[in-house]
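Asks: Build me a structure from this.
(4 chains)
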Amino acid sequence: MIDKVMTAQQAVKKYIHNSDTVFIGGFGHAIAFAIAHEIVRQKKHSLHLVKTGADIVFDLLIAGGCASRLSCGWYGNPGIGMSNIIRKAVASGELALTESTNFSMMLRLHAGKLGVPFIPSPILADGDLAGSVNGIKTIKCPFTEAQYQAHSALNPDVAIIHAQRSDMNGNVQLWGSVGDTIEGCEASQKIICSVEEICESEEILLCPHLTKLPAHKVVAVIKQPFGAYPSYLHDYYQRDERYYAEYTSDTKDSLKSDEWLQTSVFDHEDFDSYLNSLPGTLLDQLAWSKS
Amino acid sequence: MIDKVMTAQQAVKKYIHNSDTVFIGGFGHAIAFAIAHEIVRQKKHSLHLVKTGADIVFDLLIAGGCASRLSCGWYGNPGIGMSNIIRKAVASGELALTESTNFSMMLRLHAGKLGVPFIPSPILADGDLAGSVNGIKTIKCPFTEAQYQAHSALNPDVAIIHAQRSDMNGNVQLWGSVGDTIEGCEASQKIICSVEEICESEEILLCPHLTKLPAHKVVAVIKQPFGAYPSYLHDYYQRDERYYAEYTSDTKDSLKSDEWLQTSVFDHEDFDSYLNSLPGTLLDQLAWSKS
Amino acid sequence: MNTNTASSDKNNGLEKPLITDEIISQARAAFMAAREIKDHQTLFVGIGLPCLVAHLSQSILSPNCHLVFESGLMEVACETQPLSTASANIAKTAKMHGSMLDVFSMLQRGEIDVGLLSAAQIDIHGHLNSSRLTTKSGKTLSLPGSGGAHDITVLANKVIAVMPSDPRRFVNNVDFITSPNSPYGNREGVAGVAMPDAYFSFDTGRPILQKIYSDRNADSINESLNWDSEISDSLEIVNPPEGDLIERAGIFLKNS
Amino acid sequence: MNTNTASSDKNNGLEKPLITDEIISQARAAFMAAREIKDHQTLFVGIGLPCLVAHLSQSILSPNCHLVFESGLMEVACETQPLSTASANIAKTAKMHGSMLDVFSMLQRGEIDVGLLSAAQIDIHGHLNSSRLTTKSGKTLSLPGSGGAHDITVLANKVIAVMPSDPRRFVNNVDFITSPNSPYGNREGVAGVAMPDAYFSFDTGRPILQKIYSDRNADSINESLNWDSEISDSLEIVNPPEGDLIERAGIFLKNS
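Replies: So this is what the prediction gives:
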């Protein structure tokens, strides 16, 4: 069995190339922050980021100058507000944004997962998004003659995700709220995964229903406790609510954003160093509670 | 919370109607034998059975005169041989059989699950099945102009399945090999489910990742230990290999089939009575072993 | 500031919230929407005010309704306000952790009875805008975008919008049609919009002031908004929520 | 009957099987097919002889190959013969319990390097039949049908068929084309067929006797079958499996 365990530094260097189309795993939950930090640290650029709902990990990548395109159904700080960084990058022309809907993005990734060229759906036939979205064409159902929109397949070059655990071969176990994560990974050519724990394959065999990614596409397994911080990981740690609440003001202008990038990414050689820079008991306070 | 617990007799009487299209859950594993027995016992007729690979539970229903149509990708006794009963029912004209492929049936159920009219795929473009399968039409991809086959949605009236457990509201937990079961249930208008155990909703909340069916479509929950016998149920009991091995000779002609139906179904008022008629220690011997 | 210290022993253990005007306003809008839900219905719940609608439905008015969130969480008990559709507080009370594809598929199959949405604007055609606003000076203000709103509007059997009491949100034509009131097949589309004073239905395809709280005046509500609406001949007078219901809303909004 | 009591301490604890001609024959066909697999490849495995191919690949020749079964079982250790694609013996050794849709999607995405199939007939075009046979008297004998065979043939990057040594199975035209050798896109289709004596490739679109066991004669094999095939100019001579490998096959086939 192949040992795919490596550091985030090695994985990003080896498997993420400038101009790649990248799917970012995690939806509200289990967001791949640690790997995203490393992408910023290595100053990857010209990435095309794809997602249903894009949360603040996208701001991080865009503030870091890593992306030239974003295709998504939503972007912002969930429940809190707009993304200043994305708004500004679009206004300045640095970022080409294609706004769609969450379900259309999901269908396009799902078509990618299924290996079919498109999936028909009645959405995006009308309204002001209909004309501006990429990858949609009107077709007729061959059975009923009714009109549908063909949502074309998206197959990202690489998916980055964070999960609870994996064996060294990349049998990745993820649970809790999954959102679009599994579809995005299955649609992608290869998967880079960080996990809280690397376990023996024997442990995987005790609960194979928790294994969610086909190991043959997982190219790198990274051991990174708290790799989804500041988002949460089911059964492991809670979200850092303060981080999200303060985030909008932390990034309200370029000066603040640059400072935020410096202190959270560039000042650190890796994610562990960043975690160590957090206030002493913070991570302990985030311990998962069942209730 | 609604209590959907009832007997198989009540569920079949109330929710399965003659001429319904019925999806039978279980693929090699967790086959809904108990509910199928009840359908035979109540002499439902003219059902259209749909499935990817149809195993011997289909023979039971067809020997019982319940089905007038079968659409599937395969039929027989897995690893052992042909279905004498289906072969004869087709030859006599009692059963209209549409042979397809497992993946086409899967795609048609999946289109039903997604709520889309069809899914395009390159399969069934060529070969002798291509002309004879229902629900397939050639289309052009609007993006590449390449030809695909549109596999039209199947939405059965009702799905019958067996699972490990559920709460009384129909939050059904199923694990082990799932095959086409989830897709078939999601595509169906309603779901009748038998389970080994009915548990408290609090127990469901401890492992919501095991819940596989949306409760709002589950119309009946039946407590039926060994409800998948003679097939197996992961973590509960092994397959009765002897039953499968002897099955082909047990049904080699109409006389034998009738006798088999009589002693396994009609002689019993319910599935428990049938289970009680099995050799004394058989069910104990089938206890699940981890290795 | 109107404060209300109504108490109830039903909320043992939870600290009693200070009841602000904002809480009352949200509770009134949510209650007006929740009255449109029938028991046993399956609801697709957006973030924000729709969550309070879901909470009031589930805990008081329609105890057997099924709640679905776009993250894939199903059979959720919505006891505290979630900040996102995947928040831990609702993940912990969900009886099924499905995927985003699963829940949007339910929607597309026609199994969602009611989609609960908010928006930046709603217009007299029932179109919703959550993409961008044009200011009086002609500047464009970007918003987070559709998310699932477009999809819910097109695919739910019926949509109920719930909005704060802000005249700028009720317009004749939205600045951008994120979620067109063009329902799929014979689905109903945007059936109505609840706000803190009243409920407008779109039964005729245009907004009609259909229900109003007993402490409000129909003409003044209708005129206060920025759109062309009519008052129904059969206007229904609704008693506003109070006591336990307001307190419940306060606890819900506070413990988020 | 040829019996062989070769022993090996690698199979501690498992009862040593009686090695029959049938076991040797299956082992020879499977070994010939397994030699076509490269390490690290992902294999979609049919029931019957393909399982023995997978077992020999995984346990000896290509230890890092990934095994996928149509039931949705992935990353399987195929240690004993499964009777169905969902059997408990492989469910227990699978590191992932996915769904049928998941694995056929992998196939359709082009991630299955090799599909391993058996069939009732194969013809000189590489078409496979698992649907029905026409007897000499013109009667039709129904077989269980495609299952996933059609899909695997069209969608796998490459298909290797593995068949018993029965001349009636090697024909110029199959009685029914269940699985047409019409691969999707630029996939390879049916690359070859392994049987207990030899391996025929379809590199030119027609069967060419490419590899033969050292204890067999090319001309007589070629003539013994019921189809028009040729003998390669660069015929490869392969040493037949023996000892541990045969015993392993015997244990695999017995402990099912």
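Asks: Contact residues of the stretch 51-200 of chain A facing chain B?
Replies: Within reach of chain B by C-beta under 8 Å from any C-beta of the partner chain, the stretch 51-200 of chain A has these residues: A:110, A:114, A:116-121, A:137-139, A:141-144, A:146, A:148, A:150, A:152, A:175-176. Every C-beta, even on glycine, is put in place using the N, C-alpha and C of the backbone.
Asks: can you do 10 Å?
Replies: Within the stretch 51-200 of chain A, the residues that sit near chain B (C-beta under 10 Å from any C-beta of the partner chain) are A:107, A:110-111, A:114-122, A:135-144, A:146, A:148-153, A:174-178.
Asks: of these, list those near chain C.
Replies: Restricting these to those near chain C by C-beta under 10 Å from any C-beta leaves A:L107, A:H110, A:S121, A:P122, A:A146, A:Y148, A:W175, A:G176, A:S177, A:V178.
Asks: which among the residues you listed are in contact with chain D?
Replies: Of these, the ones that also sit near chain D (C-beta under 10 Å from any C-beta) are A:H110.
Asks: Of the residues of the stretch 51-200 of chain A next to chain B, which qualify as buried by neighbour count?
Replies: Neighbour-count burial (16 or more other C-beta atoms under 10 Å in any protein chain shown) is assigned, among these, to A:107, A:110-111, A:114-122, A:135-136, A:139, A:141-142, A:148-153, A:174-178.
Asks: So is stretch A:43-54 next to chain D?
Replies: No: against chain D, stretch A:43-54 shows no contacts by C-beta under 10 Å from any C-beta, the least distance being 16.7 Å.
Asks: how far does that stretch stretch from start to finish?
Replies: Across stretch A:43-54, the terminal residues are separated by 20 Å (C-alpha to C-alpha, to the nearest Å).
Asks: next one: stretch C:43-58
Replies: Counting by C-alpha to C-alpha, you get 10 Å between the two ends of stretch C:43-58.
Asks: and what of stretch C:204-223?
Replies: Length of stretch C:204-223, first residue to last, C-alpha to C-alpha: 20 Å.
Asks: cool, and stretch C:226-240?
Replies: Terminal residues of stretch C:226-240 lie 24 Å apart, using C-alpha to C-alpha.
Asks: and the gap between the closest residue to chain C within chain A and A:A228?
Replies: As assessed by C-beta to the nearest C-beta, chain C sits closest to A:G28 within chain A, at 2.7 Å. Using C-beta to C-beta, to the nearest Å, A:G28 is found at 11 Å from A:A228.
Asks: Filter the ones next to chain C among the residues of the stretch 51-200 of chain A next to chain B down to just the ones in helices.
Replies: If you go by DSSP state H, those have A:L107, A:H110 in helices.
Asks: nearest residue to C:D102 other than its sequence neighbours?
Replies: Using C-beta to C-beta, 6 or more residues apart in numbering or on different chains and skipping residues adjacent in sequence, the residue nearest C:D102 is C:G72, 5.7 Å away.
Asks: related to what we said a few turns ago, list residues touching both of A:G28 and A:A228?
Replies: Both A:G28 and A:A228 are contacted by A:R239, under the criterion C-beta atoms under 10 Å, 6 or more residues apart in numbering or on different chains.
Asks: where do the helices sit along the chain?
Replies: Looking at chain A here, since you left the chain open. So, for chain A - with DSSP H - the helices run A:8-15, A:33-41, A:56-63, A:84-91, A:102-114, A:181-187, A:201-206, A:241-250, A:254-261, A:271-276, A:282-285.
Asks: think we crossed wires, I meant chain C
Replies: Ranges of helices in chain C, per DSSP H, are C:21-34, C:49-56, C:88-91, C:100-109, C:149-155, C:218-224, C:244-254.
Asks: Out of those, which one sits most buried?
Replies: Ranked by mean neighbour count, those are led by helix C:149-155 with a mean of 29 (mean count of other C-beta atoms under 10 Å in any protein chain shown).
Asks: other SSEs contacting it?
Replies: Under the contact criterion of 3 or more C-beta pairs under 10 Å, 6 or more residues apart in numbering or on different chains; DSSP states H and E, helix C:149-155 touches helix A:102-114, strand A:118-121, strand C:42-45, helix C:100-109, strand C:114-117, strand C:128-129, strand C:159-162.
Asks: can you put those in a markdown table and add distance to D:L225 and mean pLDDT?
Replies: Output for the helices and strands packed on helix C:149-155, formatted as a markdown table (distance: least, C-beta to C-beta, whole Å; pLDDT from 0 to 100):
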| stretch | distance to D:L225 | mean pLDDT |
| --- | --- | --- |
| helix A:102-114 | 39 | 98 |
| strand A:118-121 | 44 | 98 |
| strand C:42-45 | 61 | 98 |
| helix C:100-109 | 48 | 98 |
| strand C:114-117 | 64 | 98 |
| strand C:128-129 | 69 | 98 |
| strand C:159-162 | 66 | 98 |
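Asks: Output the residue of the stretch 151-256 of chain C whose distance to chain B is smallest.
Replies: The nearest approach of the stretch 151-256 of chain C to chain B comes at C:L155, 7.9 Å away (C-beta to the nearest C-beta).
Asks: Would you mind stating the distance between that residue and A:I123?
Replies: In terms of C-beta to C-beta, C:L155 sits 7 Å off from A:I123.
Asks: go on, A:M1?
Replies: A:M1 sits 43 Å away from A:I123, taking C-beta to C-beta as the criterion.
Asks: between these two, which one's more packed in?
Replies: Just comparing A:M1 and A:I123: by other C-beta atoms under 10 Å in any protein chain shown the higher neighbour count belongs to A:I123, 30 against 13.
Asks: pretty sure that one is touching A:L129, no?
Replies: Yes: here A:I123 reaches A:L129: they are 9.3 Å apart, a contact under C-beta atoms under 10 Å.
Asks: which residues do those two both contact?
Replies: Common neighbours of A:I123 and A:L129, counting by C-beta under 10 Å, 6+ apart, are A:S100, A:T101, A:S104, A:I136, C:S146, C:H150.
Asks: And the second one, how close does it get to A:S152?
Replies: Using C-beta to C-beta, one gets 14 Å for the distance from A:T101 to A:S152.
Asks: Kindly report the same for the fifth one.
Replies: The spacing between C:S146 and A:S152, counted by C-beta to C-beta, is 18 Å.
Asks: just the third one next, same as before
Replies: From A:S104 over to A:S152 the distance is 10 Å, taken as C-beta to C-beta.
Asks: where does chain A come near chain D, residue by residue?
Replies: Counting by C-beta under 10 Å from any C-beta, the residues of chain A lying close to chain D are A:1-2, A:110, A:112-116, A:153, A:155, A:167, A:169-173, A:182, A:186-187, A:189, A:201, A:204-205, A:207-217.
Asks: Which among those count as buried?
Replies: Buried among those (16+ other C-beta under 10 Å): A:110, A:112-116, A:153, A:155, A:167, A:169-173, A:182, A:186-187, A:189, A:201, A:204-205, A:208-217.
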